[in-house]
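>>> Please find the sequence and the predicted model below.
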Amino acid sequence: PSCFSNGGDQCPVEQVSWDDAQAFIQKLNQQTGHIYRLPSEAEWEYACRAGGAALWCFGDDESQLTQYAWYSDNSGNKTHPVGEKKANAFGLHDMHGNVWEWCEDKWHGDYQGAPLDGRAWVDGESSGRVTRGGSWSDYARGSRAARRSLNSSDFRKFFNGFRLARTAP
């Protein structure tokens, strides 16, 4: 369903809802016999920060962001092929910018009562879901490692995509 086709198969798929991601994951798991899923918020942030605690995976110097992310200052208002920018210390690309990435968690306004072991926080009254990482349309501060956003599970927009996690056997 992507809006952008400028980078072919190497661009992230966008215009994907949380519900769409879940349907894809179910089919992928059936076809492969593996257990793929959306990462929890805690897993996503740990992967993004690559074990660090800075605003971005590379530190706190905003001027370095152009080396790691596609965002409003350098994206040309579109997504770009994955892996063109520098990877973080874990070897992961595009954790900042390009597309917002769905997480498994339900939305909670704060972390009071969140699981302490990194599991997704899926209980509670909210029907909203979490996206992380910012997109090609966000300013630099919108792509910080701690930045999160709330959307309904059926929300599709040209800046939302997803990244898979795989549960170890």
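Ah, there it is.
>>> Tell me where the chain has helices.
Under the criterion DSSP state H, the chain contains helices at 18-32, 41-49.
>>> Can you identify each of the strands in the protein by residue range?
Remark: strands assigned in the chain by DSSP state E are 35-37, 100-106, 128-132, 148-152, 160-162, 165-167.
>>> Any idea which of the ones you listed gets closest to residue 138?
strand 100-106 (8.2 Å; C-beta to C-beta). No exception for glycine: its C-beta is placed from N, CA and C like everyone else's.
>>> Take the strands of the chain and lay them out in a markdown table including mean neighbour count.
Output for the strands of the chain, formatted as a markdown table (neighbours: other C-beta atoms under 10 Å):
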| stretch | mean neighbour count |
| --- | --- |
| strand 35-37 | 15 |
| strand 100-106 | 25 |
| strand 128-132 | 24 |
| strand 148-152 | 17 |
| strand 160-162 | 24 |
| strand 165-167 | 13 |
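>>> Adding mean pLDDT and distance to residue 78, write those out as a markdown table.
Formatted as a markdown table, the strands of the chain follow (pLDDT from 0 to 100; distance: least, C-beta to C-beta, whole Å):
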| stretch | mean pLDDT | distance to residue 78 |
| --- | --- | --- |
| strand 35-37 | 98 | 27 |
| strand 100-106 | 98 | 15 |
| strand 128-132 | 98 | 18 |
| strand 148-152 | 96 | 20 |
| strand 160-162 | 96 | 13 |
| strand 165-167 | 95 | 26 |
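>>> Could I get those strands in JSON lines, plus columns for distance to residue 77?
Converted to JSON lines, the strands of the chain look like this (distance: least, C-beta to C-beta, whole Å):
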{"stretch": "strand 35-37", "distance to residue 77": "31"}
{"stretch": "strand 100-106", "distance to residue 77": "15"}
{"stretch": "strand 128-132", "distance to residue 77": "19"}
{"stretch": "strand 148-152", "distance to residue 77": "19"}
{"stretch": "strand 160-162", "distance to residue 77": "16"}
{"stretch": "strand 165-167", "distance to residue 77": "29"}
